[in-house]
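Undergrad: Could you work out the structure for the sequence below:
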Amino acid sequence: GLHRVHQRFFSAEVGVDPELDEFAARYGNLFASDFDMLRCPRISLAEVLRLLMKWKYILSNCLDSRLSRHDGTMQLEQRSPSMASYSSCAVEVPGQYRVDHEPLMEQHVFISAIETNYYAVQSFGHSKSRHCRLAIRASDGSLTEFLLQTVPPETTRSDTRVSQLFEQVNRLMSAHASCQNRSLQVVAPNIIPVTPRTRLLEQGRDFKTIAAIVDEYCAREGINAAEPTIVLKNAAVLPAPDFLIDEPFQKRLEQKRSAFQEICTTHIPSNILCDHVLQQLQTHERFWHARKEFTKHTAIVSYLSYLLSMGHQDPSKIALSLTSGVTMHAELRPTYNARGLIETGESVPFRLTQNMARFISGVGVQGPLANAMMAVSNVLKENEGFFEDFLFLLFKDDLAAQWPLVNVSMEEGMDVDTDEHADAFAFNTYVIKNVYRVLNRLEETTPILMPSPQDRSTCMATSRSMHGVHCMNTKIRSLLVEATDEANLCEMSVAWQPWV
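TA: Just a heads-up that it's a prediction; the model follows:
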């Protein structure tokens, strides 16, 4: 793995870019010597993490030193003179066709100019590298900012499918009384493909990832950001082999839980996110508005993540607007097991860690957050027929990309490599299985146990009473308890950073 890191950053083709040649000559040999297995044949995990953190800061400071001389910006003319001078009366500003009505072409604006300076920002998601933020000036004087990202082609297609899911849920919520009363809407990412591996993502300058906020806190307070990872990893190691210890699983869980509590107490406190947002907004009125929007977005995304098994939501993939409180999630997509069924394999149903819960507040978690999740559940249940059709289309496209990795013969007992019809039948079977997995979870979490107005079954009882305590479902509140339980959080992967 470290060899691939060295190849990616320091093995560029000589003579293509003088700056890359200088960069590789300056740092390449030093990086290789730090991780030379002949020099350190028995290097520990803690030492590897410390070396990686060292190089993270070295390379970040290398770029930050250049940015600081230009107020954090880079000059576009040095990279692309044609883009710096570009203007058109025929090319529209991207992203103007995402409307619920027929596009009004006469009202569309065109690219008047591209701002001469661009920002190099720490990107979240697939590559976790620095990308460019461009600002496009429109013909009406407005300014729209985009992240210029380089991602695999399937990532763009998957993110587009989830964005379309959010758009459909927004349309359903906009016509539902309970959701209208709470002004429930979720930000659907505006993704514009440019080439198969290059895309524009509309995102303002005020967005910052939760991981970046925590990293700033650690740097300011002099805390080693890798220390929580080392502590939790060491806690998973027992003092003796498992067969010499009574109940080794329980012993390991107790050690990890104790280490998790130590991390939350001495390394990463629960008020980092809350204090950072309050410091940026400065007034409690604006802070209250940001917290309310964050609560609504977290409720919608969390519930949909549980329904569709959209896991792996580490803090580097969650970007928060420090002015409005809305969130944007990177790489939010269904997760499949080896048999092609949606399953995260995680001990929590969705991400609701201590800093997120503290920002929302205890009352907010049990009140607005839970109520918003119940409202989303109700609107999906009342439109179950439409939701089922959309899920079939979503899983059919999404599973097609995962299908070569699925070992269908494990369960079906058929040779899918030689029988094309059997392969197509198995594929559609698994699509239907995933659809009904989602619908079953929806049925389990609907606050009021009632049939859908568009119920397509004939065996569902439609005459039962919907009044009284016996028909109320508290499953969503149980999910909130599971998501915040320390015993579940300490079982999560260290890459997920459950202490944040």
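
Undergrad: give me the low-pLDDT residue ranges for the stretch 401-500 of the chain?
TA: 407-420, 448-472 (pLDDT under 70).

Undergrad: mind checking the SS state of P239?
TA: In three-state terms, and counting by DSSP: H, G, I helix; E, B strand; the rest coil, P239 is coil.

Undergrad: And for the residue nearest to Y217 when sequence neighbours are not counted, the neighbour number?
TA: Spatially, and ignoring its direct neighbours in sequence, Y217 is nearest to I272 (4.9 Å; C-beta to C-beta, 6 or more residues apart in numbering). (C-beta placed from N, C-alpha, C; glycine too.) Here the number of neighbours of I272 (other C-beta atoms under 10 Å) works out to 21.

Undergrad: I'd say I272 and A211 touch.
TA: No - the pair I272 / A211 is not scored as a contact, 11.0 Å apart, by C-beta atoms under 8 Å.

Undergrad: Would you mind grabbing the residues shared as contacts by these two?
TA: Contact with both I272 and A211 is made by residues V500, according to C-beta atoms under 8 Å, 6 or more residues apart in numbering.

Undergrad: which residues sit in contact with the residue nearest to Y217?
TA: 213-214, 217, 355, 500.

Undergrad: Quickly note the distance from V187 to G204.
TA: Computed as C-beta to C-beta, to the nearest Å, the V187 to G204 distance reads 11 Å.

Undergrad: N428 now?
TA: Look at N428 and G204: by C-beta to C-beta, they are 41 Å apart.

Undergrad: the more surrounded of these two?
TA: G204 (19 against 13).

Undergrad: Now the more buried one. Its backbone dihedrals?
TA: phi -70, psi 170 (degrees, to the nearest 10).

Undergrad: how much space between it and T344?
TA: Relative to T344, and taking C-beta to C-beta, G204 is found at 30 Å.

Undergrad: Kindly report the same for T209.
TA: For T209 relative to T344 (C-beta to C-beta), the value is 21 Å.

Undergrad: Over to P18?
TA: Following C-beta to C-beta, the distance that separates P18 from T344 is 46 Å.

Undergrad: Of these two, give the one with the bigger neighbour count.
TA: More crowded of P18 and T344, by other C-beta under 10 Å: T344, with 20 against 9.

Undergrad: Surely V376 is within a strand?
TA: No - assigned with three-state DSSP, V376 falls outside any strand and is helix.

Undergrad: Check the gap between it and L442 for me.
TA: Where L442 is concerned, V376 sits at a distance of 10 Å (C-beta to C-beta).

Undergrad: Please say which of the two ends up with more neighbours.
TA: Using other C-beta under 10 Å as the criterion, V376 and L442 rank with V376 on top: 29 against 20.

Undergrad: Now do the same contact list for the more buried one.
TA: 169, 173, 179, 184, 299-300, 303-304.

Undergrad: Please tell me how far F395 sits from R333.
TA: 11 Å.

Undergrad: ok, now L320?
TA: In terms of C-beta to C-beta, L320 sits 20 Å off from R333.

Undergrad: Looking at these two, which one has more neighbours?
TA: L320 (27 against 23).

Undergrad: That one against A211, yeah?
TA: No - L320 is beyond contact range of A211, at 10.7 Å (criterion: C-beta under 8 Å).
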